[in-house]
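Trainee: Predicted coordinates and the sequence they were generated for:
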Amino acid sequence: MSSASNETARRVAMLRDMARIRAFEREAVAAMRSGEAPGVVHPSIGQEGVAVGVCANLRRADRITSTHRGHGHAIAKGADARAMMLELHGRAGGSCGGKGGSMHIADFAVGMLGANGVVGAGIPIACGAAQAIRLTKEDAIVACFFGDGAVNRGPFLEGMNWAALYRLPVLFVCEDNGFAAFTRNSAVTAGGGPAVRAEACGVPATAVDGEDVLSVDAVAAELVARIRGGGGPQFLHAKCYRWEGHTGTDAAGYRPAEEAAAARGRDCIRRLAALLDPEEVAAVEAEAAAEMAGHRAAAMAAPWPDPGAAFTDVQDAGAPA
């Protein structure tokens, strides 16, 4: 296969991943709003290019840690979307047996160490995983996703210091969508922002347009190669914008309408689609929509977990004999 054909195939694969993430989240939000899926969903619609561009450069053995907004990271890393939808609905067969819901999806089989409902909490987990990789001399790295709101929390400083001190094989990926929940992050963050703080701890930082998946792919490829080559931790500052509110029920009235509209005009999916055959693009998007609608229907028809399952996955170390 020619290099041009390889490049086209890679672009189509990235388009498919982004389309699947968006279709999944649209179904997930609809399921939450209708009452089908209990709990809260935090959509990442508009940010798909970051997850896909980074994970396109990871191997199955590599690990990732995620956030409360983690559906895209999980799907991009290869997690089972059907099991994820079952998990959101609290049904048997879910990624975590129906116990965790949207914010706690994990799939160790593909290196997805877990979403996390605590802001910034994935950072020390990623460092721990990277430390284990270093100790066992395993050929793998860790990609740690977090939002710009995490840079104002203690685990960020702890993680940067730890990774830099021990030159851990970890790629820190800051998905900077400009908001920490309902607050514009620039209003509550002193100094020069995420990249400056990382570099102050000795972690080299690189900025990228997170709404251009090809740019993310190219920069991530370079940073991942440095890490695999023993270059220590790297920091990727990806500027992006979430189209929806903080949760599926948040109308995001705190954001100017023109700002949100401009972001939709920078759609990472449409920017990549413009470089591909329109018929193939339409087929990819239709396939993704049908797949995720099918997963939602299957989740609604799936049984609830056996009540006895509540007593599994419970730590009993140190319990009385």
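Mentor: Looks like it came in fine.

Trainee: Contacts only, for Leu276.
Mentor: Counting by CB atoms under 8 Å, 6 or more residues apart in numbering, Leu276 touches Thr8, Arg11, Val12, Leu15. Just so you know, the C-beta spots here come from the backbone N, C-alpha and C atoms, and that holds for glycine as well.

Trainee: Would you mind confirming that the second one makes contact with Arg271?
Mentor: No: with contact defined as CB atoms under 8 Å, Arg11 does not count as touching Arg271 (11.0 Å).

Trainee: still on that earlier bit, counting neighbours, which of the contacts of Leu276 comes out on top?
Mentor: Most neighbours among those, by other CB atoms under 10 Å: Leu15, with 24 neighbours.

Trainee: returning to that earlier point: can you put the contacts of Leu276 in JSON lines and add pLDDT, secondary structure and distance to Ala132?
Mentor: As requested, the contacts of Leu276 are exported to JSON lines (pLDDT from 0 to 100; DSSP: H, G, I helix; E, B strand; the rest coil; distance: CB to CB, whole Å):
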{"residue": "Thr8", "pLDDT": "96", "secondary structure": "helix", "distance to Ala132": "38"}
{"residue": "Arg11", "pLDDT": "98", "secondary structure": "helix", "distance to Ala132": "34"}
{"residue": "Val12", "pLDDT": "98", "secondary structure": "helix", "distance to Ala132": "35"}
{"residue": "Leu15", "pLDDT": "98", "secondary structure": "helix", "distance to Ala132": "34"}
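
Trainee: ok, so of those, who is nearest Ala282?
Mentor: Leu15 (11.0 Å; CB to CB).

Trainee: any idea how far that closest one is from Leu272?
Mentor: According to CB to CB, to the nearest Å, Leu15 and Leu272 sit 5 Å apart.

Trainee: Tell me which residues touch the residue most central in space within the chain, please.
Mentor: The centre of the chain sits closest to His73, judged by CA atoms, centre = their mean, with a distance of 2.7 Å. By CB under 8 Å, 6+ apart, the residues touching His73 are Ala51, Cys55, Ile64, Ser66, Thr67, Met112, Ala115, Phe145.

Trainee: Would you map the helices across the protein?
Mentor: 3-34, 48-55, 71-77, 81-88, 122-136, 154-166, 194-200, 213-228, 257-264, 268-273, 278-301 (DSSP state H).

Trainee: Can you tell me which of those is packed in deepest?
Mentor: helix 48-55 (a mean of 30; mean count of other CB atoms under 10 Å).

Trainee: For that helix, the averaged confidence score.
Mentor: Mean pLDDT, helix 48-55: 98.

Trainee: next one: stretch 285-295
Mentor: 98.

Trainee: Same check on stretch 233-249?
Mentor: Across stretch 233-249, the average pLDDT comes to 94.

Trainee: Show me which parts of it are buried, residue by residue.
Mentor: 233-248 (16 or more other CB atoms under 10 Å).

Trainee: for stretch 202-211, same thing?
Mentor: Of all the residues in stretch 202-211, those buried under the rule 16+ other CB under 10 Å are Val203, Ala205, Thr206, Ala207, Val208, Asp209, Gly210, Glu211.

Trainee: Just name the closest of those residues to Leu223, please.
Mentor: Checking the buried residues of stretch 202-211 against Leu223 with CB to CB, the nearest one is Thr206 at 6.4 Å.

Trainee: Tell me who's in contact with the closest one.
Mentor: Contacts of Thr206 (CB under 8 Å, 6+ apart): Ala195, Val219, Glu222, Leu223, Gln234, Phe235, Leu236, His237.

Trainee: could these go into CSV alongside distance to Ala302?
Mentor: Shown next, in CSV, are the contacts of Thr206 (distance: CB to CB, whole Å):
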residue, distance to Ala302
Ala195, 44
Val219, 40
Glu222, 43
Leu223, 40
Gln234, 41
Phe235, 41
Leu236, 37
His237, 40
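
Trainee: Which one of the residues you listed is nearest to Gly159?
Mentor: Relative to Gly159, the closest of these is Phe235; by CB to CB it sits at 10.5 Å.

Trainee: you'd agree that closest one is up against Val196?
Mentor: No: counting by CB under 8 Å, Phe235 sits too far from Val196 to count as a contact (10.3 Å).

Trainee: Give the residues shared as contacts by these two.
Mentor: Applying CB under 8 Å, 6+ apart, one finds that Phe235 and Val196 are jointly contacted by Ala205.

Trainee: Give me the spatial nearest neighbour of Val40, chain neighbours excluded.
Mentor: Thr247 (5.0 Å; CB to CB, 6 or more residues apart in numbering).

Trainee: The one you found against Val41, yeah?
Mentor: Yes: contact criterion CB under 8 Å: Thr247 and Val41 qualify, at 6.5 Å.
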